[in-house]
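# Show me the folded form of this:
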Amino acid sequence: MSLLNHFNESFYQTIELCQSARVNEDILFAWQESGLFPASSFVIENKLQINSYLGITEHKEQIEYYPRGYLTWAQTLIKHKIESSTQAFMYFGNMYQQSLTQLVHGLPETIITSFTEDLEESIQTSWQYFLVGKYGAICLTGKIDEIVAIDLFKYVISFLTEDFSLDILDKETRKILHIALRQLNNSVALEHPLLPKQLIRQRFIERLIKQYDLSVK
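Numbers count the residues shown, from 1 in each chain. Reported below is the predicted structural model:
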């Protein structure tokens, strides 16, 4: 699949996002200026040369792409009439914790306690990454539950393997790692040969499979 087809099928252009959210572009840009909405995750710059009877002209255009999951966040801003960054962060934090409550089900209490020890600070960091468009580039669709899954299950993998220093894992640990592996694999963006490698896939998913003979199935 060509790169443009990949973006057009998996992401929204600015105008498409606005049409789907039923807002105009001025509102989207105002949200971004106020720290309510993420920046675009990818920007394509096209240099065009146009040949016609009238002659040759050159033109540059920028196309910004947003992951499709950002529509849910736009609808949240509209539904709750969110107008300040503080209020937006509060809703983001609430949604983050709701997703976390579901995702930690079945995990050992020691991992949950360790991960949530500095939860407020972790959510603040994730919020900042969210606003600059990082998660839109590394998540499958950019939804908050994927953000939480990436944060949580990267931590689970590092915790249980002691940063991949362990040589042997017991049966229960392998079972939990298998869950973490599937969750992470389902949340991280798919690779495209013309885009930079997804480091999370390399450093966590592929390494876990290779080093401990696990499978995402």
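
# What is the longest strand along the chain packed up against?
Secondary structure assigned by DSSP state E gives strand 55-67 as the longest strand of the chain. Judged by 3 or more CB pairs under 8 Å, 6 or more residues apart in numbering; DSSP states H and E, strand 55-67 is in contact with helix 3-10, strand 11-13, helix 14-21, strand 42-52. For glycine as for every other residue, the C-beta is placed from the backbone atoms N, C-alpha and C.

# Now the helix or strand hosting residue 102: buried residues?
Using DSSP states H and E, residue 102 maps to helix 85-103. For helix 85-103, the neighbour count (16 or more other CB atoms under 10 Å) marks 88, 89, 91, 92, 93, 95, 96, 99, 100, 103 as buried.

# So what's the residue count around the closest residue in space to residue 160 that isn't next to it in sequence?
Distances taken as CB to CB, 6 or more residues apart in numbering place residue 173 nearest to residue 160, at 5.3 Å, with adjacent residues excluded. Using other CB atoms under 10 Å, residue 173 has 15 neighbouring residues.

# so how far is whichever strand or helix holds residue 173 from its chain's centroid?
Assigned by DSSP H and E, residue 173 belongs to helix 171-187. Offset of helix 171-187 from its chain centre (CA atoms, centre = their mean, to the nearest Å): 19 Å.

# related to what we said a few turns ago, and which of the buried residues of helix 85-103 is nearest residue 6?
residue 99 (26.7 Å; CB to CB).

# circling back: mind putting the buried residues of helix 85-103 into CSV with distance to residue 124 and pLDDT?
Shown next, in CSV, are these (distance: CB to CB, whole Å; pLDDT from 0 to 100):
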residue, distance to residue 124, pLDDT
88, 13, 98
89, 8, 98
91, 14, 97
92, 10, 98
93, 8, 98
95, 14, 97
96, 10, 98
99, 16, 97
100, 14, 98
103, 19, 97
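
# Identify the bridge partners of residue 67.
Per DSSP bridges, the residues bridged to residue 67 are residue 11.

# so how far is residue 41 from it?
6 Å (CB to CB, to the nearest Å).

# So these two - more neighbours on which side?
A side-by-side neighbour count of residue 67 and residue 41, using other CB under 10 Å, places residue 67 first with 27 against 22.

# So that one sits against residue 42, correct?
No. Using CB atoms under 8 Å, residue 67 is not in contact with residue 42; the gap is 9.0 Å.

# Check which helices and strands the lowest-mean-pLDDT helix or strand in the chain sits against.
Least confident helix or strand, the chain: strand 42-52 with a mean of 85, by mean pLDDT, DSSP states H and E. The elements that strand 42-52 packs onto, with contact taken as 3+ CB pairs under 8 Å, 6+ apart, are helix 3-10, strand 55-67.
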